[in-house]
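1. fold the following and give me the result.
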Amino acid sequence: MRFGRTLALLGVAVLWFGFGPLVLVVAGLSLLWPPLRAWLRPTRRVVAVWAAVVVVLAGLAVVVPDGWVPIPPGPGRWVTPAYVGRPSVAGPVRGPVGESPTVTTRSYGVSDCARIELDDDGRLVLLCGGDRPVLRVVDPDSLRQERSADLPGSGCAGQLAVDGDDVVASSGQRIFRLGVDDLVVESSVDLSGDLGDDDCVAGLGVDPTGRVWFASGAGVVGFVAGRKARTVDLADRVERPVTVSDDGVFVAGADALHRVDVAAGSPTPAWAAAYDDGGERGSAPVVLPDGLVAVADNRDPRLEVVLHRADTGEVVCRTEVFDDDEGATDGGLVAAGTGVVVANSHGYGGVASTVLGRTTSRGIARVDVVDGRCRVTWTTDMDAPSGAPAVSTEDGFAYVWTKRHSWLGVDAWYLSALDLRTGRLAWARRTGLNPLVDNHGGSVVLGADRSAYVPVLGGLVRVADREVGG
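-> Residues are numbered from 1 along each chain as shown. Modelled structure (predicted):
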């Protein structure tokens, strides 16, 4: 039959699009039958045409500006639900409620934009590129880039904070302040005189007074004063972001949880609460409204959530979550009213951990303090491989980036809204069907227009209710 081979290949492509990667495995095995292999053997002309198509598509990926095309679709559309659950009857306050939610994606290449901040006008500010940081300002509706600026490469991952209409970012041993409107450097502070030769800024934050705090990997903590820095050495390794409070900063070091305040115009350690032996810090500190601060401790055999008094560092309570040897978190601890929500990222070692339908250790839990005791309010058996959820106590939801296990090898990712009271799934919207939609450590962020945003491996994703998404 004329065009028979072309129709066969198109049929395989359609089945792959609908049912997922397993179709390619079956198609490959069918080539073991010699008559079929001989019939499908392509001519030189066909090979040349397909090679030209690949070259053109690759060229377009380089030429088209960042943020102008969607993240490419993936296979498995017919075997994964696009939407489950039902919308909330409550009026939305901060995030989407699941009313016919729309999904918008934009490709920014594999640029590792792991963190999103919002300025006072609701614009998205991202720091991408790992050890060669690139600042991006992105329109919150279209997700298209408005402007970008390269920071000096340093061999260290950059850090980001937003102060009103200014961006504060670090690269190596320098801290920059730039205006969001033009991304022109307004000032910079050189920390080389305060940090060791191989030390870099590991955490950055702005307190309510506008004071810029930082912590280095070697445990030097301080704040920017004019064009210089005032510092104190905690003699402790720091690998987690800092958490600023009204008049100081909390730092989760390798050996202890620290609080550093301002005294006589200089950073001064207020207390250090040493950890029990074993384990490692799995999150930045989370400040709660009742004078408590929480951290996650990746201990053996179980992950622990530990609550300290914010004024003294005294341990108020601790509790284990998830199963033995199947619990850990990598930044997935967020405040939820007077408690915290923690996502299990045990088993996530990068994108390879979740490709071809695989998932990591499951579990999302809420921990509250009741009568001075830590209590696991609920645990749900869902998979949130990496990154942190976003919580809206006003809407009563925890918004989590989740993945479904698939024996067909389908990589289906979802924004899932969990009821904060019970942990039950309220609704979930499929956001993509390939590894490019792996959030890869990126956290969910709620925007000013009740949209949810997530930085993913291949760019950005926005989920909004129908009346918001248009």
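
2. model confidence score at residue 50, please.
-> Per-residue confidence (pLDDT) for residue 50: 67.

3. could you do residue 65 as well?
-> Residue 65 is assigned a pLDDT of 63 by the prediction.

4. surely residue 245 meets residue 207?
-> Yes: counting by C-beta atoms under 8 Å, residue 245 touches residue 207, with 7.0 Å between them. Heads up, the C-betas are built off the backbone N, CA and C, glycines and all.

5. can you count the residues close to residue 242?
-> Residues within reach of residue 242, counting by other C-beta atoms under 10 Å, total 24.

6. err, residue 184, not the other one
-> 9.

7. over to residue 81?
-> Residue 81 is flanked by 12 other residues according to other C-beta under 10 Å.

8. check residue 76 too.
-> Counted with other C-beta under 10 Å, residue 76 comes out at 26.

9. disregarding residues adjacent in the polypeptide, which is nearest to it?
-> residue 410 (3.1 Å; C-beta to C-beta, 6 or more residues apart in numbering).

10. do residue 27 as well
-> Distances taken as C-beta to C-beta, 6+ apart place residue 12 nearest to residue 27, at 5.0 Å, with adjacent residues excluded.

11. contact partners for the residue nearest to residue 133 when sequence neighbours are not counted?
-> Excluding the flanking residues, the one nearest residue 133 by C-beta to C-beta, 6+ apart is residue 158, at 3.3 Å. With contact set as C-beta atoms under 8 Å, 6 or more residues apart in numbering, residue 158 has these partners: 127, 129, 130, 131, 133, 151, 169, 170, 171.

12. against residue 454, how distant is the second one?
-> To tie it back to what came earlier, the one meant is residue 129. 18 Å (C-beta to C-beta, to the nearest Å).

13. which of these two has more residues huddled nearby?
-> When residue 129 and residue 454 are compared for neighbours, residue 454 comes out ahead with 24 against 20, by other C-beta under 10 Å.

14. phi, psi of that one?
-> phi -140, psi 130 (degrees, to the nearest 10).

15. where along the stretch 1-150 of the chain do the strands fall?
-> Secondary structure of the stretch 1-150 of the chain by DSSP state E, counting those that start in this stretch: the strands cover 83-85, 102-107, 115-118, 124-128, 134-138, 145-150.

16. for the helix or strand harbouring residue 169, packing partners?
-> With secondary structure defined by DSSP states H and E, residue 169 is part of strand 166-171. Where contact means 3 or more C-beta pairs under 8 Å, 6 or more residues apart in numbering; DSSP states H and E, strand 166-171 is packed against strand 159-163, strand 174-179, strand 201-206.

17. run me through the strand neighbours of the last one, direction for each.
-> So that's strand 201-206. Strand 201-206 has its sheet partners listed here by DSSP bridges as strand 212-216 (antiparallel).

18. quick one: the partner strand to chain centroid distance?
-> Here strand 212-216 is found 21 Å from its chain centre; the criterion is C-alpha atoms, centre = their mean, to the nearest Å.

19. in the chain, which spans are helices?
-> Counting by DSSP state H, the chain has helices at residues 4-19, 22-30, 34-40, 44-63, 466-469.

20. coming back round to it: just the strands of the stretch 1-150 of the chain: most buried one?
-> With neighbours defined as mean count of other C-beta atoms under 10 Å, the strands of the stretch 1-150 of the chain peak in mean count at strand 124-128, which reaches a mean of 24.

21. angle of it against strand 174-179?
-> Interaxial angle of strand 124-128 relative to strand 174-179 (axes from the mean of the first three to the mean of the last three C-alpha atoms, to 10 degrees): 150 degrees.

22. neighbouring strands - and their directions - for strand 124-128?
-> Strand 124-128 is paired, per DSSP bridges, with strand 115-118 (antiparallel), strand 134-138 (antiparallel).

23. roughly how far does residue 27 sit from residue 336?
-> Separation of residue 27 from residue 336 (C-beta to C-beta) stands at 47 Å.

24. break the chain into its domains for me.
-> Here the domain parsing of the chain from automatic domain parsing is 4-56, 70-113+280-469.

25. want to throw the ones you listed into TSV with distance to residue 231?
-> Listed next are the domains of the chain as TSV, based on distance: least, C-beta to C-beta, whole Å:
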stretch	distance to residue 231
domain 4-56	52
domain 70-113+280-469	19
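
26. nearest to residue 162, of the ones you listed?
-> Distance to residue 162, taken as C-beta to C-beta, is lowest for domain 70-113+280-469 among the domains of the chain, at 11.4 Å.

27. how far does that closest one sit from the chain's center?
-> With C-alpha atoms, centre = their mean, you get 9 Å for domain 70-113+280-469.
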